[in-house]
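S.K.: Give me a 3D structure for the following:
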Amino acid sequence: MENLYRRTQYQTGRLKFMHNPTINELAPTALDPVGLIDFTTTVYQQAGIPAEDARLAADSLVQADLWGHQSHGLLRLGWYYARLRSGVMNPRTDVSTITDAGAIAVLDGNESVGPVIAKYATDEAVRRARLHGVGVISVRNSNHFGTCMYFTRMAAQQNCVMLMMTNGGPNMAPWGGLGKKIGTNPWSIAVPAGRHAPMVMDLANSGVARGKIYLANNRHESIPSTWAVDAQGNPTTDPKEALKGFVLPMAGHKGYAIGVMVDVMSGVLSGSGFQDQVNGPYDPVGLSRAGHFIMALDIAAFQPVAQFHERMESYIDSLKSVPIAAGHDKVYYPGEMEAEADLRQRADGLVLPGETLADLERVGQEAGIPLRNFTRPIRNP
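M.R.: I've put the predicted structure just below:
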């Protein structure tokens with residue numbers, strides 16, 4: 001009963017603020033991303049996260065926005081802050097080793113800060129890969145950590161190939177069913193690519209991440225009818241109805257099957273939660289119990305690193321050698337769009353939806369940290 005009361009308090013407060021008419025008065029402005037990182041870091045520190053961990057968690061959110069993934073960016077700060085305030089996410093990250101078996105380790109995140117746990121596990125996977133050629137880390141009792149590619153790219157920049165996957169709170173129905181059991185359960189693979197930015201695949205097993213439906217709701221935009229169904233299983237273009245219903249898997253039954261296997265690898269194998277035992281970041285009072293599976297491969301164990309980089313450059317050159325299709329400017333390799341968006345928005349600034357800015361302002365008010373002190377417009381010549 002207490003958890004239900006607290007959940008209603010958080011959700012009611014958020015919804016009231018989201019319908020505040022002053023939101024529409026916020027004009028889109030290109031903001032300095034460093035100022036946004038400073039603001040988010042300060043909010044996290046106010047919630048009890050140590051300075052270094054707070055900076056990492058803040059950077060992971062703003063970096064998602066810089067890559068053009070606003071569904072996983074500052075849109076989520078209010079959710080994470082609510083979880084910290086309610087006490088279900090521990091601000092001081094405590095990772096313990098349950099199993100230490102050479103190339104393999106099982107870690108317990110003890111319901112601490114998701115990005116900090118993920119960074120620790122990434123570093124540990126790379127360290128073990130240096131020793132054994134491969135490092136495999138299974139994580140239990142973690143929290144949502146944002147976008148997978150934030151961490152897989154770290155390994156790629158250290159000349160490792162990394163596979164990372166995680167389960168999440170359920171928002172997809174089993175194939176043929178009408179009830180939430182499976183999360184979007186994203187996964188990512190990143191590899192270094194010579195003179196190019198790392199090649200990265202990062203995707204959920206739904207047609208879209210649930211965060212994109214929240215983003216469409218914030219922007220007052222309709223969604224494609226292929227993204228989700230309402231609570232009765234009918235296709236919908238209304239993001240509000242979609243959030244009450246179910247996200248659809250990508251590629252039909254194939255996306256469902258991949259989502260199930262990611263849940264098994266992340267939740268069952270690690271000894272963590274799975275299916276509806278996992279609570280996503282949208283729930284301010286439920287223990288997450290998210291699990292992760294991370295594997296790093298040391299490229300030097302397969303072939304000389306310089307040779308691998310040359311082969312990756314040749315691979316990308318071959319991709320780009322085909323004729324350009326109508327309506328496209330160039331051929332992209334996976335991860336290239338994000339790399340270009342990052343460079344552009346660091347120079348030109350981040351433009352966030354009005355309701356995202358309004359929610360940041362709300363969080364700042366709760367934390368006693370005025371957002372206006374950190375929102376520095378970028379003025380380009």
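S.K.: Could you measure from the closest residue to P50 other than its chain neighbours over to Q45?
M.R.: Closest residue to P50 apart from its sequence neighbours, by CB to CB, 6 or more residues apart in numbering: R92 at 6.6 Å. Just so you know, the C-beta spots here come from the backbone N, C-alpha and C atoms, and that holds for glycine as well. R92 sits 12 Å away from Q45, taking CB to CB, to the nearest Å as the criterion.
S.K.: neighbour-wise, which of the two wins?
M.R.: Set R92 next to Q45 and count neighbours by other CB atoms under 10 Å: Q45 wins out with 18 against 12.
S.K.: residues near the closest residue in space to the more buried one that isn't next to it in sequence, how many?
M.R.: Nearest residue to Q45, sequence neighbours excluded (CB to CB, 6+ apart): A54, at 4.7 Å. For A54, the neighbour count with other CB under 10 Å is 23.
S.K.: Please give me every residue in contact with A54.
M.R.: Counting by CB atoms under 8 Å, 6 or more residues apart in numbering, A54 makes contact with T40, T41, T42, Y44, Q45.
S.K.: List buried residues within the residues you listed.
M.R.: T40, T41, T42, Y44, Q45 (16 or more other CB atoms under 10 Å).
S.K.: which residues sit in contact with the residue lying closest to E221 once chain neighbours are set aside?
M.R.: The spatial neighbour of E221 that comes closest, neighbours along the chain excluded (CB to CB, 6+ apart), is P239 at 7.4 Å. Residues counted as contacts of P239 (CB under 8 Å, 6+ apart) are I213, Y214, A216, N217, E221, S222, I223.
S.K.: that's a helix at the fifth one, yeah?
M.R.: No. With the criterion set as DSSP: H, G, I helix; E, B strand; the rest coil, the secondary structure at E221 is coil rather than a helix.
S.K.: What about it, how many residues nearby?
M.R.: E221, neighbours per other CB under 10 Å, totals 11.
S.K.: Reformat the contacts of A54 as TSV; add secondary structure.
M.R.: Converted to TSV, those look like this (three-state DSSP):
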residue	secondary structure
T40	helix
T41	helix
T42	helix
Y44	helix
Q45	helix
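S.K.: which stretches of this protein have low pLDDT?
M.R.: The chain contains residues with pLDDT under 70 at 1-27, 380-381.
S.K.: how about a cut-off of 50?
M.R.: Low-confidence segments of the chain (pLDDT under 50): 1-26.
S.K.: mind checking the longest helix of it?
M.R.: The longest helix of the chain (DSSP state H) is helix 114-132.
S.K.: quick one: buried residues of that helix?
M.R.: 114-126, 128-130.
S.K.: Counting by contacts, list what it packs against.
M.R.: Helix 114-132 is packed against helix 51-66, strand 104-108, strand 134-142, helix 149-156, strand 160-166, strand 290-298, with contacts defined by 3 or more CB pairs under 8 Å, 6 or more residues apart in numbering; DSSP states H and E.
S.K.: Just put those in a markdown table and tack on distance to R372.
M.R.: Listed next are those as a markdown table, based on distance: least, CB to CB, whole Å:
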| stretch | distance to R372 |
| --- | --- |
| helix 51-66 | 17 |
| strand 104-108 | 40 |
| strand 134-142 | 34 |
| helix 149-156 | 28 |
| strand 160-166 | 35 |
| strand 290-298 | 34 |
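S.K.: closest to Y80 out of those?
M.R.: helix 51-66 (7.6 Å; CB to CB).
S.K.: Quick check: what element follows that closest one along the chain?
M.R.: Downstream of helix 51-66, the first helix or strand assigned by DSSP states H and E is helix 77-86.
S.K.: helices and strands around that next one, which ones?
M.R.: helix 2-18, helix 33-46, helix 354-367.
S.K.: Can you give the distance of it from its chain's centre?
M.R.: Remark: helix 77-86 is offset 15 Å from the chain centroid, using CA atoms, centre = their mean, to the nearest Å.
S.K.: Kindly reformat the contacts of A54 as CSV containing distance to D108.
M.R.: Below are the contacts of A54 laid out as CSV (distance: CB to CB, whole Å):
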residue, distance to D108
T40, 26
T41, 26
T42, 29
Y44, 22
Q45, 25
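S.K.: Specify which member of those is nearest to S71.
M.R.: T40 (16.6 Å).
S.K.: wait, what's in contact with that closest one?
M.R.: Here T40 is in contact with A54, A57, A58, L61, V62, L74, L77 (criterion: CB under 8 Å, 6+ apart).
S.K.: Tell me the one of those nearest V136?
M.R.: A57 (24.8 Å).
S.K.: Count the residues that sit near that closest one.
M.R.: Neighbours of A57 (other CB under 10 Å): 25.
S.K.: Could you do the one 4 residues further on as well?
M.R.: Neighbour count of L61, defined by other CB under 10 Å: 24.
S.K.: try A101
M.R.: 9.
S.K.: Next: H253.
M.R.: By other CB under 10 Å, neighbour count at H253 equals 10.
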